[in-house]
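*Asks:* Sharing a model prediction with you, sequence too.
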Amino acid sequence: MHQNWHPLTFLAACGESVQSKYGVGYSNQAEVFETVEFITSLVSNWPEETWGKFDQYSIGVVLPYMEQVMMVRSMLKQGPVKDLRLVSVERVYNVQGKQFRVVIINTVRTHHTCRGIDEDNSADYAFLSNSKLLNTAITRAQSLVVVVGDPFSLCTAGKCRNMWIKFLEDCERNKSLYGVTFAQIQDYMDYMDVNKAYKLNPLPWNSQYLTHLQYVKPKQLLLQPMLLTLTLLRFLPGLITC
């Protein structure tokens, strides 16, 4: 019997974003590892009785950069579970109009590549600054949204940081925040003094807060599309569901 995840789940990844040698996109290897590990566990225990047969529309991994797309696809092909090849891995720009039972989002960017860049450049920060891109990604999900990323950077960099704070607070309340506690995130935000108008200048990184994720199964939940939509509306009032 499958133990379902909460409709909004966050998996903290301890890593850093690396810019492509061509200077266009970014990748984050730690997020790739956590994403594939989570997918492998989920596919191996797919709740067919409630979510239907596993197929190419079951899981969509939605990413902002092609470099991350290629890394996730490559690692999925090497996975021990045959069905991993059915997982759809796309850039966020290519998923408009598509629907998946589960959507997994990699935020990719960390403070390592935010140095000296103005936060108004929403295209460069992707899910950290562009709420329209984030709206597109999360509304592709029918039952479950899983975000894999760096919670400290999400809450201290980019125009979407207040939204991410609400998202992580919601996950904390529902015991679906893994690898870090919100108290640790709050300590880091206090240290960075995010209430001041700083220009994304990185300060010492508290990576000791993040631990390798242990996928402890949460309470069994029946995940319905309407429940997911109502939950999302709590932190993203301008949600567009079509």
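*Replies:* Alright, I've got the coordinates.

*Asks:* burial count for Val81?
*Replies:* Val81 has 15 neighbours, counted by other Cβ atoms under 10 Å. In this view, the C-beta of every residue, glycine as well, is placed from N, C-alpha and C.

*Asks:* What residues does it make contact with?
*Replies:* 40, 43-44 (Cβ atoms under 8 Å, 6 or more residues apart in numbering).

*Asks:* Let me know the closest of those to Glu90.
*Replies:* The shortest gap between Glu90 and any of these belongs to Val43, at 17.7 Å (Cβ to Cβ).

*Asks:* How about Gln68, nearest residue that isn't a chain neighbour?
*Replies:* Ser27 (4.9 Å; Cβ to Cβ, 6 or more residues apart in numbering).

*Asks:* which residues does the one you found bridge with?
*Replies:* Val18 (DSSP bridges).

*Asks:* separation between it and Leu8?
*Replies:* 25 Å (Cβ to Cβ, to the nearest Å).

*Asks:* which stretch of helix or strand covers the residue nearest the centre of the chain?
*Replies:* The centroid of the chain falls nearest to Val147 when counting by Cα atoms, centre = their mean (2.1 Å). Element membership of Val147, judged by DSSP states H and E, is strand 141-149.

*Asks:* how about the residue nearest to the centre of the chain, what does it touch?
*Replies:* Taking Cβ under 8 Å, 6+ apart as the criterion, Val147 is in contact with 8-11, 104-105, 107, 167.

*Asks:* Give me the subset of these that lies in helices.
*Replies:* Phe167 (DSSP state H).

*Asks:* What is the nearest of the contacts of Val147 to Ala157?
*Replies:* For the contacts of Val147, the nearest to Ala157 is Thr107 (10.4 Å; Cβ to Cβ).

*Asks:* Count the residues that sit near the closest residue to Met192 other than its chain neighbours.
*Replies:* Closest residue to Met192 apart from its sequence neighbours, by Cβ to Cβ, 6+ apart: Thr156 at 4.8 Å. With neighbours defined by other Cβ under 10 Å, the count for Thr156 comes to 25.

*Asks:* before we move on, what about the one 3 residues further on?
*Replies:* Other residues within reach of Lys159 by the criterion other Cβ under 10 Å amount to 15.

*Asks:* Assign Lys175 to helix, strand or coil.
*Replies:* coil (DSSP: H, G, I helix; E, B strand; the rest coil).

*Asks:* Use 427 as the first number from now on
*Replies:* All set: I'll call the first residue 427, so the last point we hit is now Lys601.

*Asks:* Pretty sure Met501 sits in a strand.
*Replies:* No - looking at Met501 with three-state DSSP, it is helix, so not inside a strand.

*Asks:* Please tell me how far it sits from Phe464.
*Replies:* Distance, Met501 to Phe464, by Cβ to Cβ: 12 Å.

*Asks:* go on, Trp590?
*Replies:* For Trp590 relative to Phe464 (Cβ to Cβ), the value is 19 Å.

*Asks:* what about those two, which has more around it?
*Replies:* Neighbours per residue (other Cβ under 10 Å) separate Trp590 from Phe464, with Trp590 holding more: 25 against 21.

*Asks:* Looks like the more buried one contacts Cys581 (just checking).
*Replies:* Yes - assessed by Cβ atoms under 8 Å, Trp590 is found in contact with Cys581 at 5.5 Å.

*Asks:* Determine the longest helix present in the protein.
*Replies:* helix 455-470.

*Asks:* I'd like to know the average pLDDT value across the helix or strand following it.
*Replies:* Going down the chain from helix 455-470, the next helix or strand is helix 474-477, by DSSP H and E. In this model, helix 474-477 carries a mean pLDDT of 90.

*Asks:* Thank you, goodbye.
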